[in-house]
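Visitor: what follows is a protein structure lacking sequence information:
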């Protein structure tokens, strides 16, 4: 069977995984296209590069990098779950380059479907975005204005993504052995050096100190720098403090409660496997809130920051669901074993619910703990309206709430059939 035909069969077989990857790339394409068209629109009053006298260029760089990271992470999740499939192809006599071409065909096929549709949907969103600007600011341009620079800039970013995804996939094939792909399902990016060891108490202090400092901040600029300092504490909480707490909880309190023991074990696994994604999500949430607050004296720039915040949170929520979905398929065997051990449908549902509440609670509450203090402080000083306060919180909460519900639905779909029929 040819490599091309085999790759298409694999796409069809892993349809659910392919759809999530497709949606991630689709939303990224829509976002990048819309963002470039808005910033290149001379009637919007926004300027990029050397003509930028505002904060738009740093915002543009930040959000585009985040959007690209979402695609790279989605690509990582998609390809690293094909370990057994790839090992079988290698054992069949395929070379590394044939294997790289096999992965390239799958990824390129998904991107080939996502990019044109994303560009069309992005174009259809132009009048909506321009109408929003017309209602909020003095916008006198055409509703369907399309800048001649939008397509070249968008294609440059997308071409970069396709190139790097292909190179990462080929590198994955070169570095991975048949045995490791069968058993470990290696990640694409295995690099990373251990930094200096910091105790849990230091991370807890680093997390709480910014909360106190926020109360004494007089200018909006300081929020951003203090929040960056606090993100070190947040990363430590996720990487070190929470895992230690979970292990102690399992050892001291959960041994007699099998549901808690398993749920916290899964939660611990989630934190370890999705650490980089969690950190990017938390960084985006806190920094984009601070940028929105920092640019309040420039309503146009603040509006761009707010729209970027919405787009990034939607992308992050989808990427989290994608990664959760990839991990859940690995746990199908775990649930079958639990079924054989006598666990009931209600117990399995409790495990699912407790794990997901803990996981999404961390994603939601850690940035909210900073955001609420910052926004309440500004609200008391009458620097923001209650309407803006509510909008920022909704942008943070709603995408993650939808992501939580989708994850629960995906999770319940892997329950053993025999268990489901007991209902």
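Guide: Cool, got the structure. Remember, predicted model here, so these are calculated numbers, not experimental data.
Visitor: low pLDDT regions in the stretch 101-250 of the chain?
Guide: In the predicted model of the stretch 101-250 of the chain, residues 133-141, 172-196 satisfy pLDDT under 70.
Visitor: ok, and the closest non-adjacent residue to the residue positioned nearest the centre of the chain?
Guide: Central residue of the chain (Cα atoms, centre = their mean): residue 316, 2.9 Å from the mean position. Closest residue to residue 316 apart from its sequence neighbours, by Cβ to Cβ, 6 or more residues apart in numbering: residue 281 at 4.6 Å. Heads up, the C-betas are built off the backbone N, CA and C, glycines and all.
Visitor: on that earlier part again, how close does the residue nearest to the centre of the chain sit to residue 368?
Guide: Residue 316 sits 14 Å away from residue 368, going by Cβ to Cβ, to the nearest Å.
Visitor: element containing residue 333, please.
Guide: Applying DSSP states H and E as the criterion places residue 333 in helix 332-340.
Visitor: now for the helix or strand that contains residue 276, which elements pack on it?
Guide: Element membership for residue 276, per DSSP H and E: helix 275-294. Packing contacts for helix 275-294, counted by 3 or more Cβ pairs under 8 Å, 6 or more residues apart in numbering; DSSP states H and E, involve helix 56-80, helix 220-236, helix 299-330, helix 345-380, helix 386-412.
Visitor: and residue 2, how far is that from residue 9?
Guide: From residue 2 to residue 9 the distance is 10 Å (Cβ to Cβ).
Visitor: the two: who's more crowded?
Guide: Shown here are residue 2 and residue 9; by other Cβ atoms under 10 Å, residue 9 has more neighbours (11 against 7).
Visitor: tell me where the stretch 51-200 of the chain has strands.
Guide: With strands called from DSSP state E, counting those that start in this stretch, the stretch 51-200 of the chain shows none.
Visitor: where do the helices of it begin and end?
Guide: For the stretch 51-200 of the chain, the helices defined by DSSP state H, counting those that start in this stretch occupy 56-80, 83-91, 96-136, 150-175, 178-183, 200-214.
Visitor: mind giving me the packing neighbours of the third one?
Guide: Spelled out, it's helix 96-136. The contact analysis (3+ Cβ pairs under 8 Å, 6+ apart) places helix 96-136 against helix 3-13, helix 15-39, helix 56-80, helix 83-91, helix 150-175, helix 299-330.
Visitor: now do that helix: distance to the chain's middle.
Guide: Here helix 96-136 is found 17 Å from its chain centre; the criterion is Cα atoms, centre = their mean, to the nearest Å.
Visitor: so that helix versus helix 15-39, what angle?
Guide: Computed by axes from the mean of the first three to the mean of the last three Cα atoms, to 10 degrees, the angle separating helix 96-136 from helix 15-39 equals 50 degrees.
Visitor: low-confidence stretches in the stretch 251-400 of the chain?
Guide: Short version for the stretch 251-400 of the chain, where the test is pLDDT under 70: 253-256.
Visitor: just the element for the closest residue to residue 354 other than its chain neighbours, please.
Guide: Spatially, and ignoring its direct neighbours in sequence, residue 354 is nearest to residue 263 (3.9 Å; Cβ to Cβ, 6+ apart). Using DSSP H and E, residue 263 maps to helix 258-273.
Visitor: domains in this protein, by residue range?
Guide: Split into domains by automatic domain parsing, the chain comes to 1-192, 199-423.
Visitor: need the contact list for residue 144.
Guide: Residues in contact with residue 144 (Cβ atoms under 8 Å, 6 or more residues apart in numbering) are 126-127, 130.
Visitor: at 7 Å what do you get?
Guide: 126-127 (Cβ atoms under 7 Å, 6 or more residues apart in numbering).
Visitor: any idea how far residue 37 is from it?
Guide: For residue 144 relative to residue 37 (Cβ to Cβ), the value is 10 Å.
Visitor: shared neighbours of these two, anything?
Guide: residue 126.
Visitor: quick one: the helices of the stretch 51-200 of the chain as a markdown table, columns for mean neighbour count too.
Guide: Putting the helices of the stretch 51-200 of the chain into a markdown table (neighbours: other Cβ atoms under 10 Å) gives the following:
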| stretch | mean neighbour count |
| --- | --- |
| helix 56-80 | 21 |
| helix 83-91 | 17 |
| helix 96-136 | 17 |
| helix 150-175 | 17 |
| helix 178-183 | 14 |
| helix 200-214 | 16 |
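Visitor: out of the ones you listed, nearest to residue 400?
Guide: helix 56-80 (14.8 Å; Cβ to Cβ).
Visitor: relative to helix 15-39, how tilted is the closest one?
Guide: For helix 56-80 against helix 15-39, the angle by the same axes, to 10 degrees is 170 degrees.
Visitor: returning to what we had before: quick one: closest of the helices and strands packed on helix 275-294 to residue 166.
Guide: The closest of the helices and strands packed on helix 275-294 to residue 166 is helix 56-80. By Cβ to Cβ, the value is 9.3 Å.
Visitor: quote the end-to-end distance of stretch 143-158.
Guide: With Cα to Cα, to the nearest Å as the measure, the ends of stretch 143-158 fall 25 Å from one another.
Visitor: residue 252: neighbouring residues, count only.
Guide: Other residues within reach of residue 252, judged by other Cβ under 10 Å, total 8.
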